[in-house]
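Sequence and predicted structure are below.
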Amino acid sequence: MIEQHGDFSNAVLVGLQPRGTLLLDRLVQLLIMSGIKNLKTGKLDTTFFRDDFRRSERPLKAKATVMNQSVEGKDVVLIDDVLFTGRSIRSALTAIDTYGRPKSIELLVLVDRRFSRHLPIQPDYLGAQIDALQGDKVKVVWSKRDSENRVYLEKHVE
Amino acid sequence: MKTLSVSHLLGIKYLCEEDLHLIFETAKHFKEVINRPIKKVPSLRDITIANLFFENSTRTKLSFELAEKRLSADVLNFSANQSSVNKGETLVDTVNNILAMKVDMVVIRHPHPGAAHFLSKKVDSCIINAGDGTHEHPSQALLDAFSLKEKFGELGGKRIAIVGDILHSRVALSNIYALKMLGAEVSVCAPKSLLPKHIDSLGVEISTDFAKTLKWCDAVNMLRVQNERMDLNYFPSTREYSQNFGLTFERLKSLKKEIVILHPGPINRGVEISSEVADSDQAIILNQVENGVAIRMAIIYLLASKLNIPIA
């Protein structure tokens, strides 16, 4: 990402609610440690842009969106913890448009669950790829101490 | 996540406190949405909503229409004075004809108390009450409470006065229900002739002394004198009413404390509120209007999520 964005002067890093924002916070720490200054960030909730309104069993609950700048002409990096079906990212692509027309949009995820995509969406930056079955759960757990951060793969039990 | 405990919005009376908090939380998110460069979300693009206004309205009608459009719903507008109602059609027939055009939700304003409730029993659709005569105006009460919450944080223990034509006001009744549910202390203040019988049964303070009420309260909701609903003279003259119950700058200054001033509109400048007060920093009248769109988006969104209609 640093190779691609240089000093990040035209970049806006956008964490997706709820869990992508935790990864965003960690990334910002790391980038600041690498000497990057004046990072532009935002937190985006995509609930109202999802395609499963009235379709999901439990109602969708919105979280706060904090976008203090336009993304017009900017290079946006969407950030989420786990890429699964790709539907959250699809709704994020629609939602980010309400803040202007970005020059480009990229996707960064910590974990990519291969073979489970419903849509033609792939990450540009990737932590790890995991092969998991449909019913399995991938959980990212953040702790105050880096050494305690974990990614769990919970196998589906029949 | 919780859902609303109701599938229509007929009045605050039928809601519970959790409903109110859910609506407020959702409205907070929609308020952020309507401040974006593009103020629209696609949630309700497969939903059609009819706005049936059997009584005049500017603010409420525009606010509902905008809320529906911001949610991407298709919108039908109907005003009684340009319709077949004048040819003798009944309310149920009118609404069923509109529903036959594949409408999913109905927003209704009607001069008769109970019209929305009646309709919810007679037709198969989701009904939102946008004011039924002198009975309830739930979306107004929700936006008033939301605007007060923005100012005060929580409403528990806050003292809110409702002043003016309580007798003919649906805003007053809905406000009393909502504010009490949120833990506020409520006082109604008006000339005796404009206080309904048995209002004490709602657990509110009753006052005919405006100066005393102003000293007591943290916020005041100034209601309009509804001349169009008055079948006889309730006070000797507008001038006398204004002198006793009009909120003037002098009255406000004499309080030596800041109170929040609400008004549901339309304002009769110089009658219940002076121009200086209406345009002052303490008045949150235009915040109420902005919040109205967000609140109505929340109401419609939450009710639409409970619609029992086939998808795709």
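Okay, I see it.

low pLDDT regions in chain B?
Applying pLDDT under 70 to chain B flags residues B:1, B:82-85, B:230-232, B:311-312.

Tell me the secondary structure at residue 120.
Since no chain was named, I'll use chain A. Counting by DSSP: H, G, I helix; E, B strand; the rest coil, the backbone at residue A:120 sits in coil.

Correction: the question concerned chain B.
Classification of residue B:120 using three-state DSSP returns helix.

And for residue B:112?
Per three-state DSSP, the secondary structure class of residue B:112 is coil.

repeat for residue B:61
What three-state DSSP gives for residue B:61 is helix.

Just to check, it is in contact with residue B:52?
No: Residue B:61 lies out of contact with residue B:52 (Cβ atoms under 8 Å); the separation is 10.1 Å. Backbone N, C-alpha and C define where each C-beta goes, glycine included.

Next, work out how far apart the residue of the stretch 51-200 of chain B found nearest chain A and residue B:240 are.
Residue nearest to chain A within the stretch 51-200 of chain B: residue B:71 (8.0 Å; Cβ to the nearest Cβ). Here residue B:71 is placed at a distance of 46 Å from residue B:240 (Cβ to Cβ, to the nearest Å).

the more surrounded of those two?
Per other Cβ atoms under 10 Å in any protein chain shown, whichever of residue B:71 and residue B:240 has more neighbours is residue B:71, with 26 against 11.

For residue A:130, grab phi and psi.
Main-chain dihedrals, residue A:130, degrees, to the nearest 10: phi -130, psi 130.

how close does it get to chain B?
As judged by Cβ to the nearest Cβ, to the nearest Å, residue A:130 and chain B stand 28 Å apart.

What's the local residue count around the residue nearest to residue B:223 when sequence neighbours are not counted?
Nearest non-adjacent residue to residue B:223, counting by Cβ to Cβ, 6 or more residues apart in numbering or on different chains: residue B:164, 3.3 Å away. Residue B:164 has 32 neighbouring residues, counting by other Cβ under 10 Å.

re earlier: what sits in contact with each of residue B:61 and residue B:52?
Jointly contacting residue B:61 and residue B:52 under the rule Cβ atoms under 8 Å, 6 or more residues apart in numbering or on different chains are residue B:109.

Who has more neighbours out of these two?
Taking neighbours as other Cβ under 10 Å, residue B:61 and residue B:52 compare with residue B:52 leading, 26 against 18.

State the three-state secondary structure for that one.
strand.

My read is that it contacts residue B:94, right?
Yes: counting by Cβ under 8 Å, residue B:52 touches residue B:94, with 7.5 Å between them.

Which stretches in the chain count as strands?
No chain was given, so I picked chain A. In chain A, the strands defined using DSSP state E lie at A:11-16, A:40-44, A:75-83, A:104-113, A:125-130, A:137-141, A:150-154.

try again with chain B
Under DSSP E, chain B gives strands at B:48-53, B:74-79, B:105-110, B:126-132, B:159-163, B:185-189, B:205-207, B:219-222, B:260-262.

Of the strands of chain A, give the one that comes closest to residue B:21.
strand A:40-44 (22.1 Å; Cβ to Cβ).

now for the closest one, which elements pack on it?
If contacts are counted by 3 or more Cβ pairs under 8 Å, 6 or more residues apart in numbering or on different chains; DSSP states H and E, strand A:40-44 sits against strand A:11-16, helix A:20-33, helix A:87-96.

okay, the ones you listed, which one's buried deepest?
Counting by mean count of other Cβ atoms under 10 Å in any protein chain shown, strand A:11-16 has the highest mean neighbour count of the helices and strands packed on strand A:40-44, with a mean of 25.

Now for residue B:264: which residues touch it?
B:137, B:140, B:144, B:171, B:221, B:223, B:224, B:288.

can you rerun that using 7 Å?
Contact analysis of residue B:264 by Cβ atoms under 7 Å, 6 or more residues apart in numbering or on different chains lists B:140, B:171, B:223.

now swap in residue B:208 and tell me
B:189, B:191, B:192.

Up against chain A, what does chain B have?
Residues of chain B found near chain A (Cβ under 7 Å from any Cβ of the partner chain) are B:1, B:3, B:26, B:29, B:32-33, B:36-38, B:41-43, B:305, B:307, B:311.

For residue B:180, find the nearest of the strands of chain A.
strand A:40-44 (35.6 Å).

Just want the angle from that closest one to helix A:20-33.
Angle of strand A:40-44 versus helix A:20-33, following axes from the mean of the first three to the mean of the last three Cα atoms, to 10 degrees, is 170 degrees.

so strand A:40-44 versus helix A:87-96, what angle?
Going by the same axes, to 10 degrees, strand A:40-44 makes 120 degrees with helix A:87-96.

State the mean pLDDT of strand A:40-44.
Predicted confidence along strand A:40-44 averages 97 (mean pLDDT).

how far is it from where the chain is centred?
Between the centre of strand A:40-44 and the centre of its host chain there is 11 Å, according to Cα atoms, centre = their mean, to the nearest Å.

tell me which residues of it are tucked away?
A:40, A:41, A:42, A:43, A:44 (16 or more other Cβ atoms under 10 Å in any protein chain shown).

Other residues contacting it?
Residues beyond strand A:40-44 that count as contacts (Cβ under 7 Å, 6+ apart) turn out to be A:11-17, A:21, A:24, A:28, A:64-69, A:92, A:95-96.
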